[in-house]
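*Asks:* all I have is the shape, not the residue letters:
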Ligand SMILES: Nc1ncnc2c1ncn2[C@@H]1O[C@H](COP(=O)(O)OP(=O)(O)OP(=O)(O)O)[C@@H](O)[C@H]1O
C-alpha cells in the first residue's frame, strides 16, 4: 500500500460491504484521511463536525478499527478532527499547498503504464522532467477525465524533486489558483501570493481550464507565466481540452499555452488496460487471473480511474471474504462502479457558483431581487438560462431561486439568453464553457 489516501479507498470499500448504503453515505463517505503514522500506530481523520464525530464514536468506530486492521494488518488509534481543529500551521500548509508533497509520491514514471494512447504524452513529460525548461516549455497536456494527466504532472514533479531536491516545485489546480488569488486580494496579501508562485522553479498547473473567464485571475496568471517563462523556469499545464477549445481563455494566454508542445492522452487500448489492471493488483498484493483481468478490461474502456476503482473494490471484497476472485464476483463490482459514476445532479447553487466566478460577481448579487446593474443582471440571466438547461426544475422553481422572480420572467429571460447566444458567438462560447465547467466538476 503506498499512501493513506489510496488505503482510505479500500477502507471505505470495506466499510461499505458491512453497513447500509445510507449509513455509508451519511457517515463514512464524508470522512477524509489526514495522516497515518505507522510508528505511533496513529491515524488522523477529518470529520465534518462534532455531531458527526460523536456518531462515529458511538456507532462506527469499531467498524473503522476493524477495517484498518484488515487493510494494514495492525491496529491504529484513530483520532478524529473537525475542520476548526486543524491547526493554523496545518491550514497554512494546506493553503501553501503549492509545494509538492509526499501525498502524491505514488504518481511516478515507474508506476505509469505506457501504451499507444499515452506514449507521446509520456515521452514529452519524461523529456521535461529530465531536462526542465530546455525540452518543451510550456508543455500542455490534455485529455478526458481519469486518463492520467495528474499522474504525469506529479511524475514530473517527483522526478525533478528526486534529481534536484533544491528546486522549488509548485503544484496548483486552476480553481485553487483563483480562490487563493481572491483570498489574497481580500486580505491584502498580494505580494506574498506573487512571491509564492514567482519563486517556483517548476510550475505545475492542473485543470488550467478553470482559470478561463475570470478576468483578474487570467491577468495575474498571465504575469506569473511571463515572469517564470522569462526566468527560464519550467511550466506544465493540464486541461480537459486543448487551448483552442477553452473559449473563455484570453487570447494572449491561449497563444502562450500553444507556444510549444501540446500533447494529448487518449483512452487506453485493451493491452494497456490489462497491463494497468495487473499493475494495480500487484501494488495491492491481489491475485487476479488473466481471465478476470481480461474481463475487467473488456467492460471498462474509457477511464483508468474506474479500472483502478474496480481493483480496489475487489481487494476490499477479498479482505472480507477471502475467496478467489472469479468473473462472476467481478460483475457486481463493475456494475457498482459504472452506476456510481453517473455524475451527481447539477444544483442551482453550483450553477451560481460557477457563473459568479466567470463574471466576477458575488453569488448573493446573482440571487438578489433588486440588484440590476448591467454586469449582475447579465450574470443572473445566464445563470437562469443554465439552470433551465441543466436542472429539472420548473420555471417557477427557478424563479424562486433567483430572488422570487415570477415564472413568466424566467421564460422571458431564457428566450432572451438564447437569442443573445444566436447573435453573439463570443457569448455563446462563454456560456458553453461555463456549462462544461459546471458539468465537469
Ligand atoms: N497509464 C497509467 N498507468 C497507471 N496508472 C494510471 C495511468 N493513467 C492513469 N492512471 C491512474 O488513474 C487514476 C486517474 O488518473 P489521473 O488522476 O491522473 O487522471 P486525470 O487525467 O488527471 O483525470 P481528471 O481530469 O479527472 O483529474 C490515477 O490514480 C492514476 O494513477
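*Replies:* Arrived safely. Note that the coordinates shown come from a computational prediction; the quantities given were computed from them, not determined experimentally.
*Asks:* and the protein, what are its domains?
*Replies:* With domains defined by automatic domain parsing, the chain comprises 4-102, 119-264, 270-338, 348-440.
*Asks:* dump these into a markdown table; add mean pLDDT, mean neighbour count and distance to residue 109 as well.
*Replies:* Just so you know, the C-beta spots here come from the backbone N, C-alpha and C atoms, and that holds for glycine as well. Formatted as a markdown table, the domains of the chain follow (pLDDT from 0 to 100; neighbours: other Cβ atoms under 10 Å; distance: least, Cβ to Cβ, whole Å):
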| stretch | mean pLDDT | mean neighbour count | distance to residue 109 |
| --- | --- | --- | --- |
| domain 4-102 | 79 | 15 | 15 |
| domain 119-264 | 92 | 19 | 5 |
| domain 270-338 | 88 | 17 | 13 |
| domain 348-440 | 88 | 17 | 27 |
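*Asks:* which among the ones you listed is found nearest to residue 108?
*Replies:* domain 119-264 (5.0 Å; Cβ to Cβ).
*Asks:* anything in the closest one near the ligand?
*Replies:* Yes. Judged by Cβ under 6 Å from any ligand atom, domain 119-264 comes into contact with the ligand at 143, 145-151, 240.
*Asks:* export the residues you listed to TSV and tack on distance to residue 121 and secondary structure?
*Replies:* What follows is these, written out as TSV (distance: Cβ to Cβ, whole Å; DSSP: H, G, I helix; E, B strand; the rest coil):
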residue	distance to residue 121	secondary structure
143	8	coil
145	15	coil
146	14	coil
147	9	coil
148	8	coil
149	8	helix
150	12	helix
151	10	helix
240	14	coil
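*Asks:* show me the strands in this protein, by range?
*Replies:* In the chain, the strands defined using DSSP state E lie at 32-37, 42-46, 77-81, 139-142, 169-173, 202-206, 234-239, 261-264.
*Asks:* so which of these gets nearest residue 9?
*Replies:* strand 32-37 (9.3 Å).
*Asks:* what's that closest one packed up against?
*Replies:* helix 4-16, strand 42-46 (3 or more Cβ pairs under 8 Å, 6 or more residues apart in numbering; DSSP states H and E).
*Asks:* residue 259 reaches residue 139, doesn't it?
*Replies:* No. In this structure, residue 259 is not within contact of residue 139 by Cβ atoms under 8 Å, at 10.8 Å.
*Asks:* who touches both of these two?
*Replies:* Counting by Cβ atoms under 8 Å, 6 or more residues apart in numbering, residue 259 and residue 139 have no common neighbour.
*Asks:* so which bits of the stretch 301-441 of the chain are right by the ligand?
*Replies:* 304-305, 308.
*Asks:* can you lay out those residues as JSON lines showing distance to residue 399?
*Replies:* Shown next, in JSON lines, are these (distance: Cβ to Cβ, whole Å):
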{"residue": "304", "distance to residue 399": "43"}
{"residue": "305", "distance to residue 399": "38"}
{"residue": "308", "distance to residue 399": "43"}
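*Asks:* among those residues, which are in helices?
*Replies:* Per DSSP state H, helices hold the following members of those: 304-305, 308.
*Asks:* now render the helices and strands packed on strand 32-37 as CSV, adding distance to residue 189.
*Replies:* Compiled in CSV, the helices and strands packed on strand 32-37 are given as follows (distance: least, Cβ to Cβ, whole Å):
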stretch, distance to residue 189
helix 4-16, 29
strand 42-46, 25
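*Asks:* in the stretch 101-250 of the chain, which residue sits closest to the ligand?
*Replies:* residue 148 (2.7 Å; Cβ to the nearest ligand atom).
*Asks:* now the phi/psi pair for that residue, please.
*Replies:* phi 110, psi 10 (degrees, to the nearest 10).
*Asks:* if I look at it, how far off is residue 113?
*Replies:* Distance check for residue 148 against residue 113: by Cβ to Cβ, to the nearest Å, it reads 9 Å.
*Asks:* same check, this time on residue 287
*Replies:* 19 Å.
*Asks:* among the helices and strands packed on strand 32-37, which comes closest to residue 171?
*Replies:* Shortest distance between residue 171 and the helices and strands packed on strand 32-37, using Cβ to Cβ, is found for helix 4-16: 15.0 Å.
*Asks:* for the closest one, packing partners?
*Replies:* strand 32-37, helix 61-72, helix 304-321.
*Asks:* so which of these gets nearest residue 331?
*Replies:* helix 304-321 (10.8 Å).
*Asks:* how about residues contacting that closest one?
*Replies:* Residues contacting helix 304-321 (Cβ under 8 Å, 6+ apart): 6, 9-10, 13-14, 16-18, 70-71, 145-148, 268, 273, 276-277, 280-281, 284, 286, 288, 296-297, 300, 325, 329-330, 333-334, 336-338, 341.
*Asks:* cool, and stretch 373-388?
*Replies:* With Cβ under 8 Å, 6+ apart as the criterion, stretch 373-388 contacts 348, 351-352, 355-356, 358-361, 365-366, 368, 371, 393, 395, 398, 401-402, 410, 413-414, 416-418, 431, 434-435, 438.
*Asks:* what about those, which are in helices?
*Replies:* Short answer: these in helices (DSSP H) are 348, 351-352, 355-356, 358-359, 365-366, 395, 398, 401, 410, 413-414, 416-418, 431, 434-435, 438.
*Asks:* contacts only, for residue 215.
*Replies:* Residue 215 sits in contact with residue 360, where contact means Cβ under 8 Å, 6+ apart.
*Asks:* cutoff 10 Å now
*Replies:* 248, 250, 358-360 (Cβ atoms under 10 Å, 6 or more residues apart in numbering).
*Asks:* mind checking how far it is from residue 393?
*Replies:* 30 Å.
*Asks:* again, but for residue 210
*Replies:* For residue 210, the distance to residue 393 - Cβ to Cβ - is 25 Å.
*Asks:* picking up where we left off before, tabulate the residues of domain 119-264 next to the ligand (CSV), appending distance to residue 321.
*Replies:* Converted to CSV, the residues of domain 119-264 next to the ligand look like this (distance: Cβ to Cβ, whole Å):
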residue, distance to residue 321
143, 37
145, 32
146, 28
147, 32
148, 31
149, 35
150, 33
151, 31
240, 38
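*Asks:* out of the residues you listed, the closest to residue 78 would be?
*Replies:* residue 150 (28.4 Å).
*Asks:* gap between the two ends of stretch 161-172?
*Replies:* With Cα to Cα, to the nearest Å as the measure, stretch 161-172 spans 16 Å from end to end.
*Asks:* so how far does stretch 164-181 reach from one end to the other?
*Replies:* Across stretch 164-181, first to last residue, Cα to Cα, it's 29 Å.
*Asks:* distance from the chain centre to that stretch, please.
*Replies:* From the chain centre to the centre of stretch 164-181 is a distance of 14 Å (Cα atoms, centre = their mean, to the nearest Å).
*Asks:* for stretch 133-148, same thing?
*Replies:* 16 Å.
*Asks:* alright, that wraps it up for me.
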